[in-house]
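A.B. asks: no letters, just coordinates:
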């Protein structure tokens, strides 16, 4: 099964595509969609939406996982995260893909075995689990791979429970 | 010029279509797109996006105006508003329409002449300015008409300034 992980942001939207087969996971692609902070929000959202549509068309994920924070630094940061999430969720829904949301602490717990793990620990675990030679960059791409890995673990557990 | 005003919400998205010609404004259509709070967020956002696309196709607005609060009750409310705004902004951008954002106090100031006007005063002014027989319902639709009227006033002032 191919999973698309998304770390939503309106300036930079991280994405990570991984494949899981039985208990093995493998990297397919990662990166970040960068927009110009000064360009109108409509242009940025449209750019992100179209690029996510292209990524979905190209890699044909079966499921999408999106990071969903519970808190934000301030209201304007929360509005921006909400906007970016909406673009990711809409791209998944319009491609008829189920979309799952995970909080940062859930992602840390699943990927680094610790809900309060720091960014470096999570990135290290992403690198190890996907057998990469170096930590994926930029940060948003590593975060997107982490949410995809988190989703795979949850699915594998559910499968075991349903047996 | 036809203006589409939007009061963004993921449960109920108010819309109001008005036409302004010289200094006169006239109502074309108003209403609210209602989603089921219990249905998956992807389905709701997709429903709202498709309906906004239909409204734009049907009424052919030249410009779109969206309410943009600066504050929210809490983070989860801010995320939800951000998501709904993104759908409105994306629908406008993908139809190549310019999209303008106004804060609630700016809307109150323009429509009811007072930045701290209450909801009832704004609704009363919407009714008077559009020569309606009663206050438009639901509230989200009245709010959407208010943001459309706010935008028309801003445009009319800019036109005067540019003369």
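C.D. replies: That came in fine, so what should we check first? Only a predicted model underlies this, so the values are computations on that prediction, with no experimental measurement involved. Numbers count the residues shown, from 1 in each chain, chains lettered A, B, ... in the order given.

A.B. asks: now chain A against chain B: closest residue?
C.D. replies: residue A:82 (2.2 Å; CB to the nearest CB). In this view, the C-beta of every residue, glycine as well, is placed from N, C-alpha and C.

A.B. asks: what's the strand or helix carrying residue A:140 packed up against?
C.D. replies: Assigned by DSSP states H and E, residue A:140 belongs to helix A:139-162. Packing partners of helix A:139-162 (3 or more CB pairs under 8 Å, 6 or more residues apart in numbering or on different chains; DSSP states H and E): strand A:2-7, strand A:12-21, strand A:24-34, strand A:63-67, strand A:99-102, helix A:104-112, helix A:119-129.

A.B. asks: so which of the ones you listed is the most surrounded?
C.D. replies: Of all the helices and strands packed on helix A:139-162, strand A:2-7 has the most neighbours on average by mean count of other CB atoms under 10 Å in any protein chain shown, namely a mean of 27.

A.B. asks: could you list the low-confidence segments of chain A?
C.D. replies: Across chain A, nothing is flagged by pLDDT under 70.

A.B. asks: run through the residues of it sitting next to chain B.
C.D. replies: Within chain A, the positions adjacent to chain B are A:40-43, A:45-46, A:49, A:68-72, A:75-76, A:78-87, A:89-90, A:92-94, A:98-99 by CB under 8 Å from any CB of the partner chain.

A.B. asks: could you rerun that using 6 Å?
C.D. replies: A:41-42, A:45-46, A:49, A:71-72, A:75, A:78-79, A:82-83, A:86-87, A:89-90, A:92-94, A:99 (CB under 6 Å from any CB of the partner chain).

A.B. asks: ok so residue A:132 is a strand residue?
C.D. replies: No: going by DSSP: H, G, I helix; E, B strand; the rest coil, the assignment for residue A:132 is coil, not a strand.

A.B. asks: how far away is it from residue A:64?
C.D. replies: To residue A:64, residue A:132 is 22 Å away according to CB to CB, to the nearest Å.

A.B. asks: and what of residue A:157?
C.D. replies: 19 Å.

A.B. asks: likewise for residue A:101?
C.D. replies: 10 Å.

A.B. asks: repeat for residue A:163
C.D. replies: 25 Å.

A.B. asks: what do you get for residue A:144?
C.D. replies: Note on residue A:144: its distance to residue A:64, by CB to CB, is 11 Å.

A.B. asks: please apply the same query to residue A:114.
C.D. replies: 25 Å.

A.B. asks: one more: residue A:84?
C.D. replies: In terms of CB to CB, residue A:84 sits 14 Å off from residue A:64.

A.B. asks: about what we covered before: list the residues that contact both of residue A:144 and residue A:64?
C.D. replies: Both residue A:144 and residue A:64 lack any common contact, where contact means CB atoms under 6 Å, 6 or more residues apart in numbering or on different chains.

A.B. asks: give me every residue that touches residue A:51.
C.D. replies: residue A:33.

A.B. asks: switch the cut-off to 8 Å
C.D. replies: Listed by CB atoms under 8 Å, 6 or more residues apart in numbering or on different chains, the contact set of residue A:51 reads A:13, A:33.

A.B. asks: sec struct for it, please.
C.D. replies: What three-state DSSP gives for residue A:51 is helix.

A.B. asks: ok, now residue A:38?
C.D. replies: Three-state call for residue A:38 (three-state DSSP): coil.

A.B. asks: got phi/psi on it?
C.D. replies: As for residue A:38, its main-chain torsions (degrees, to the nearest 10) stand at phi -90, psi -10.

A.B. asks: I'd like to know how far it sits from residue A:45.
C.D. replies: 15 Å.

A.B. asks: between the two, which one's more packed in?
C.D. replies: residue A:45 (28 against 6; other CB atoms under 10 Å in any protein chain shown).

A.B. asks: so the closest residue in space to that one that isn't next to it in sequence is in which element?
C.D. replies: Excluding the flanking residues, the one nearest residue A:45 by CB to CB, 6 or more residues apart in numbering or on different chains is residue B:90, at 4.8 Å. Here residue B:90 sits within helix B:75-94, counting by DSSP H and E.

A.B. asks: residue A:138 and residue A:13, how far apart?
C.D. replies: Distance, residue A:138 to residue A:13, by CB to CB: 11 Å.
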